[in-house]
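Visitor: Only the shape, not the letters, is given here:
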Ligand code: NAD
Ligand code: ZN
């Protein structure tokens, strides 16, 4: 399957399917990547163990001078230190303005390598090869960057890839917890935009969780499509793009309070989306939004309650630090039906406190 992210002269295609990477050299030929200027493939240690050598071999066989750079797996690699490491590798390999950086991995590698591509020589070409389900989200939209010890994603840029190669067969080596967490973002894309897609995800839960490649191909295609539509209408987050934050205000706070790595991002936003659905009830929308949302996340084995040891005041503090807070009211994405959301600017701290209490008691 093929999909275009429509951004005027920065539009780019996403190729999704089983075995797409077998033809990596042909895709690079089609997109006229340089065979003279070296390519730098950035990946992490876990992805490298499963998927790096076939990619390097196919590139070399196709006539591409490619070198690789491997960072340790994990969020800690989204750092300025690793950015410097990539630049060192790029200089040693002799990358120039016509070179490209290739991100082979999940969102961590995509954000890090993408930021390296955005900043090396003020910007060189960039290709995304996502290897997690979650990365269907991070590989569309062009947000790239690294973390600072004091704040996540605080150093970054917008840099669109030339193309995205999404080979569903790379997903077969994912740990099940990462599978569930990635599917959480896929469900989000349904919940904000497309009721029929939510129904499809619900019906195909078994296939998705057991990594049936045909189901993955369709789900990732639809998920990328929603993200692409939203991003192409609002590339720099002036309005509509905010709906992609469904479940994220609470989710980010839970990740921070639990300690990064304790709750995976997809798990934290699962709880966050159930919370947003509960808030919808508070605003007078039908209560089936809440029961349905909760049922779907439970079906996927994702958490729907807040672990009781997480302190409510600390969660609220973390949400206040989020820039979405103004004069006692918070910008919050609230579902108004399955497949529809609105951007509310009037959510109060008292309402949030009530939702958190509810999510802790699970009533
Ligand atoms: P990740 O890249 O850390 O991958 C999760 C884990 O799975 C890692 O340990 C990784 O080594 C391993 N892994 C990856 N692919 C594998 C495979 N095929 N087989 C076996 N193991 C594999 O995390 P993620 O969940 O993909 O992404 C999370 C990151 O994405 C966060 O840093 C987040 O901020 C970022 N993100 C960015 C955007 C954006 O718009 N740029 C959007 C959402 C998330
Ligand atoms: Zn997210």
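Guide: All right, it came through fine. All figures in this text were calculated on a predicted structure; none of them were measured in a lab. Ligands and ions are numbered 1, 2, ... in the order given.
Visitor: quick check, residue 153 in a strand?
Guide: Yes. Under DSSP: H, G, I helix; E, B strand; the rest coil, residue 153 sits within a strand.
Visitor: Pretty sure residue 115 is one of the things it touches, is it not?
Guide: No. The pair residue 153 / residue 115 is not scored as a contact, 10.0 Å apart, by CB atoms under 8 Å. C-betas here are computed from N, CA, C, even on glycine.
Visitor: Looking at these two, which one has more neighbours?
Guide: residue 115 (27 against 15; other CB atoms under 10 Å).
Visitor: shared neighbours, residue 153 and residue 115?
Guide: 145, 146 (CB atoms under 8 Å, 6 or more residues apart in numbering).
Visitor: Break down the stretch 151-300 of the chain into its strands, ranges please.
Guide: Secondary structure of the stretch 151-300 of the chain (DSSP state E, counting those that start in this stretch): strands at 151-158, 163-167.
Visitor: Paired strands for the last one, with orientation please.
Guide: Taking DSSP bridges as the criterion, strand 163-167 pairs within the sheet with strand 12-17 (parallel), strand 125-130 (parallel).
Visitor: Would you mind giving the domain segments of this protein?
Guide: As recorded under automatic domain parsing, the domains making up the chain are 2-173, 176-210+212-361.
Visitor: Any idea which of those domains has the lowest pLDDT on average?
Guide: With a mean of 93, domain 176-210+212-361 has the lowest mean pLDDT of those.
Visitor: before we move on, back to that, using JSON lines, please lay out the strands of the stretch 151-300 of the chain together with distance to residue 174.
Guide: Shown next, in JSON lines, are the strands of the stretch 151-300 of the chain (distance: least, CB to CB, whole Å):
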{"stretch": "strand 151-158", "distance to residue 174": "22"}
{"stretch": "strand 163-167", "distance to residue 174": "13"}
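Visitor: Tabulate those (a markdown table), appending distance to ligand 1.
Guide: Converted to a markdown table, the strands of the stretch 151-300 of the chain look like this (distance: least, CB to the nearest ligand atom, whole Å):
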| stretch | distance to ligand 1 |
| --- | --- |
| strand 151-158 | 6 |
| strand 163-167 | 9 |
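Visitor: highest average neighbour count across the ones you listed?
Guide: strand 163-167 (a mean of 24; mean count of other CB atoms under 10 Å).
Visitor: where's the closest residue to ligand 1 within the stretch 251-363 of the chain relative to residue 354, distance?
Guide: Nearest residue of the stretch 251-363 of the chain to ligand 1: residue 265, at 5.6 Å (CB to the nearest ligand atom). Counting by CB to CB, to the nearest Å, the gap from residue 265 to residue 354 is 25 Å.
Visitor: Looking only at neighbour counts, state which of these two leads.
Guide: A side-by-side neighbour count of residue 265 and residue 354, using other CB under 10 Å, places residue 265 first with 23 against 14.
Visitor: contacting residues around the residue in the stretch 151-300 of the chain that ligand 1 sits nearest to?
Guide: Nearest to ligand 1, among the residues of the stretch 151-300 of the chain, is residue 173, at 3.6 Å (CB to the nearest ligand atom). Listed by CB under 8 Å, 6+ apart, the contact partners of residue 173 are 50, 51.
Visitor: hang on, the earlier thing: wouldn't the residue of the stretch 251-363 of the chain closest to ligand 1 be in contact with residue 256 here?
Guide: No. Applying CB under 8 Å, one finds residue 265 not in contact with residue 256, separated by 11.2 Å.
Visitor: re the thing from before, would you turn the strands paired with strand 163-167 into JSON lines with distance to ligand 1 and mean neighbour count?
Guide: As requested, those are exported to JSON lines (distance: least, CB to the nearest ligand atom, whole Å; neighbours: other CB atoms under 10 Å):
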{"stretch": "strand 12-17", "distance to ligand 1": "14", "mean neighbour count": "21"}
{"stretch": "strand 125-130", "distance to ligand 1": "8", "mean neighbour count": "26"}
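Visitor: May I see those strands arranged in TSV, with distance to residue 33 as well?
Guide: Shown next, in TSV, are the strands paired with strand 163-167 (distance: least, CB to CB, whole Å):
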stretch	distance to residue 33
strand 12-17	13
strand 125-130	7
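Visitor: wait, which of these is closest to residue 318?
Guide: strand 125-130 (28.2 Å; CB to CB).
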